[in-house]
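Novice: need a 3D model of the sequence below.
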Amino acid sequence: MGMDENSDVERSPNPIDVHVGARIRLRRRSLGISQERLAEDLGLTFQQVQKYERGANRVSASKLYEIARSLQISVTFFFDDLADPSEGRAAGFAEDTANPFANTFLMTPEGLELAELFPKITRPRVRRRILELVRSMADEEGDEHLA
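Specialist: This next block holds a predicted model:
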């Protein structure tokens, strides 16, 4: 282990690494590929893929290129919704598209599955009913924390 790898244990994940990991996970799941299958294709363990997806381990440029090849997507996909560094702003999320809630939501297995399945519900009335159900459940959770 090099010095950089040891410091990964002590540092909190870089938000850009977390974002790239979430995009890897999103693409892999949308293709219906398991972590094991992606790991095998890349010559890694599934635990390494898991750490990449959580942002716990930083993905090297060459490994990101291999992941893009394996997932049949452009490398730029992993950086969607990040501010363009050439615009001189601090590194991070683009102001108009940043949504930390969406990233947190998509990092959970349930959130990702909901995000994949919800668009398949085409009837507006059913979509509204689901939203109302989730909203009322979230309100109840909030009330429980106040009690």
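
Novice: hey, let's count contacts and neighbours off CA atoms from now on
Specialist: Noted.

Novice: which residues in the chain form helices?
Specialist: Taking DSSP state H as the criterion, the chain contains helices spanning 3-10, 15-30, 35-42, 46-54, 61-70, 100-106, 109-117, 124-146.

Novice: point me to the residue sitting closest to the centre of this protein.
Specialist: The residue lying closest to the centre of the chain (C-alpha atoms, centre = their mean) is A22, at 1.7 Å.

Novice: and that one, how far from Y52?
Specialist: Distance, A22 to Y52, using C-alpha to C-alpha, to the nearest Å: 9 Å.

Novice: now V20. Nearest residue, chain neighbours left out?
Specialist: In space, and not counting its chain neighbours, V20 is closest to F78: 5.1 Å by C-alpha to C-alpha, 6 or more residues apart in numbering.

Novice: for that neighbour, grab the count of nearby residues.
Specialist: Neighbourhood size, F78 [other C-alpha atoms under 10 Å]: 23.

Novice: any idea how far Q35 is from it?
Specialist: From F78 to Q35 the distance is 17 Å (C-alpha to C-alpha).

Novice: then G55?
Specialist: Applying C-alpha to C-alpha, the value for G55 to Q35 is 15 Å.

Novice: same thing with P124?
Specialist: For P124, the distance to Q35 equals 34 Å [C-alpha to C-alpha].

Novice: neighbour count: those two, which is higher?
Specialist: Between P124 and Q35, counting by other C-alpha under 10 Å, Q35 is the more crowded of the two (20 against 9).
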